[in-house]
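> Task: produce atomic coordinates for the following.
(chains A, B, C and D)
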Number of protein chains: 2
Amino acid sequence: METPVESTRERLLNIAEQRFGEGGYEGTSLRAITVAAAANIAAVNYHFGSKEALLRAAVARAMAPVNTERRRRLDQLEARGAPTAEDLIRAFVEPGLDLVLRRGERGAVVARFIGRIAFDPSQRIRELYAAESDPIESRYLAALRAALPHAAPEAVAFGYVNMLGLLALHQSQALTPAPGGADAEVADTGKLAENLIAFLVAAFDRGLRS
Amino acid sequence: METPVESTRERLLNIAEQRFGEGGYEGTSLRAITVAAAANIAAVNYHFGSKEALLRAAVARAMAPVNTERRRRLDQLEARGAPTAEDLIRAFVEPGLDLVLRRGERGAVVARFIGRIAFDPSQRIRELYAAESDPIESRYLAALRAALPHAAPEAVAFGYVNMLGLLALHQSQALTPAPGGADAEVADTGKLAENLIAFLVAAFDRGLRS
DNA sequence: GCATAGTTCAAACGGTCGTTTGAATCAGAG
DNA sequence: CTCTGATTCAAACGACCGTTTGAACTATGC
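Got it, this is the predicted structure:
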């Protein structure tokens, strides 16, 4: 028989991140996923074990390159010593948005998936995402505190969660209800990352309690 | 018989906004709602017509006082002429967060409900929320553009969706996974609104593309 | 008291959910 | 070819979903 370019396992992961990103975890059935992936329903439990395990595998796979790139940038910045807040914000935001901007449709699917899962209504799902991005969180927070000595530590943490949230919202495209809307235009011009970074830099530099 | 302080209809709305706020629309069943409200399942379809109609009624009821207050503040600001960006941001954010801070537990439930529905995974639900808050959106955008003449109109719209998103995330408490975390501390001191407003004002004043 | 409209009730409807089963099919090694 | 382990398959499992039904109950006006 013809050799499929993607294994069943890969097709399931690809379709899962697409559908989960569109309808959320609760709003997407395994049957919808397996039909779209041209796989049997039992294949999910065979390859992953359960619906939640499929989600976990999809999150891990989607986050891996983002985490790697963030770690790499953070290492590089710290090697040079004393990164600015803008350096750090850029090192955090760009790996998340480059998915959308520089990898075509596939990247947009992954970004929407990540952004959606990060703020899923179910706390269980959110924790699943948080566990995947936690490892570098403390490093970022420490670097941000050092770069913003005038701001109180709690204020820096406040800024960090705002950055995390805004990035997720733009990744999930939940802010662009109408095609051709304001945000879509910004994204089309490839300036979304720059706009978001400028927005956040101003907020971090001058909008945090001291 | 004893007169219940709340009618079945009111109990359903109260429990609905609590449960929808906790688990999202898809993640909450009518049976869970009716059991908690001590009502029969058929009561939902009798009083509202369907699950989605129940959600619609809950959204409308929860948003009404927020919209009213925002309109009132906007009227007041425009009567005085030439409101600043901070005036406008404050007039938008405070009505949304006062729910949490100044109405006790009940207000926190309503705020979480609104914040969650605003960015529900399902676009259908998000549009349902947007329809409820649209009427004043264009007024706010126009006033913001006038207050920020140095910023491009698309940049102002970009800032507006960021404000909307950050407010919803803080309302939904999705940014506070662990009790006693950084954000909870900020909220406990009653300073969340001030911190968020300062964050947004700095971003609007200095973080928007011209 | 009796009719009437408003409300609640237990029960069931058809459908979909995630998961499991056990047989069928596959590819590769001996 | 035969054997073996990995993979796929149709089918069914019990549970839960939103919705509907028609009878029972409640309160109010006559």
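> By mean pLDDT, point me to the weakest helix or strand of chain A.
helix A:182-188 (a mean of 58; mean pLDDT, DSSP states H and E).
> got the CA coordinates for whichever helix or strand comes after it in PDB?
Proceeding N to C from helix A:182-188, the next assigned helix or strand is helix A:192-206, under DSSP states H and E. Only the C-alpha atoms of helix A:192-206 are listed here, as PDB (Å, rounded to 0.1, in the frame of the first residue of the first chain):
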ATOM      1  CA  LEU A 192       1.600  42.500  15.300                       C
ATOM      2  CA  ALA A 193       4.700  41.500  17.200                       C
ATOM      3  CA  GLU A 194       6.200  44.900  17.100                       C
ATOM      4  CA  ASN A 195       2.900  46.600  18.100                       C
ATOM      5  CA  LEU A 196       2.400  44.200  21.000                       C
ATOM      6  CA  ILE A 197       6.000  44.600  22.200                       C
ATOM      7  CA  ALA A 198       5.800  48.400  22.100                       C
ATOM      8  CA  PHE A 199       2.600  48.200  24.000                       C
ATOM      9  CA  LEU A 200       4.100  46.000  26.700                       C
ATOM     10  CA  VAL A 201       7.400  47.800  26.900                       C
ATOM     11  CA  ALA A 202       5.600  51.100  27.600                       C
ATOM     12  CA  ALA A 203       3.400  49.400  30.200                       C
ATOM     13  CA  PHE A 204       6.400  47.700  31.900                       C
ATOM     14  CA  ASP A 205       8.600  50.800  31.900                       C
ATOM     15  CA  ARG A 206       6.100  53.300  33.100                       C
END
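> okay, the angle between helix A:192-206 and helix B:192-206?
120 degrees (axes from the mean of the first three to the mean of the last three CA atoms, to 10 degrees).
> Distance of residue A:126 relative to residue A:165?
Separation of residue A:126 from residue A:165 (CB to CB, to the nearest Å): 12 Å. Glycine gets a C-beta too; all of them are placed from N, C-alpha and C.
> Compare neighbour counts for those two and give me the winner.
Between residue A:126 and residue A:165, residue A:165 has the larger neighbour count (other CB atoms under 10 Å in any protein chain shown), namely 23 against 17.
> if you skip the residues just before and after it, what's nearest to that one?
residue B:169 (4.3 Å; CB to CB, 6 or more residues apart in numbering or on different chains).
> cool, residue A:96 as well?
Closest to residue A:96 by CB to CB, 6+ apart is residue A:167, at 5.1 Å.
> Spit out the contact partners of that neighbour.
A:92-93, A:96-97, A:115, A:196 (CB atoms under 8 Å, 6 or more residues apart in numbering or on different chains).
> Also residue A:8?
Counting by CB under 8 Å, 6+ apart, the residues that residue A:8 touches are A:37, A:39, A:43, A:47.
> which ones are touching the first one?
The one in question is residue A:37. By CB under 8 Å, 6+ apart, the neighbours of residue A:37 are A:8, A:11-12, A:14-16.
> Relative to DNA strand D, how far out is it?
Computed as CB to the nearest atom of the strand, to the nearest Å, the residue A:37 to DNA strand D distance reads 9 Å.
> What of the second one?
According to CB to the nearest atom of the strand, residue A:39 and DNA strand D sit 5 Å apart.
> I figured that residue hits residue A:13, correct?
No - if you go by CB atoms under 8 Å, residue A:39 and residue A:13 don't touch, sitting 11.0 Å apart.
> In terms of neighbours, single out the busier of these two.
residue A:13 (22 against 19).
> Now that one. Nearest residue, chain neighbours left out?
Nearest one to residue A:13, counting by CB to CB, 6+ apart, is residue A:58 at 5.3 Å.
> That neighbour reaches residue A:15, doesn't it?
No - the pair residue A:58 / residue A:15 is not scored as a contact, 9.6 Å apart, by CB under 8 Å.
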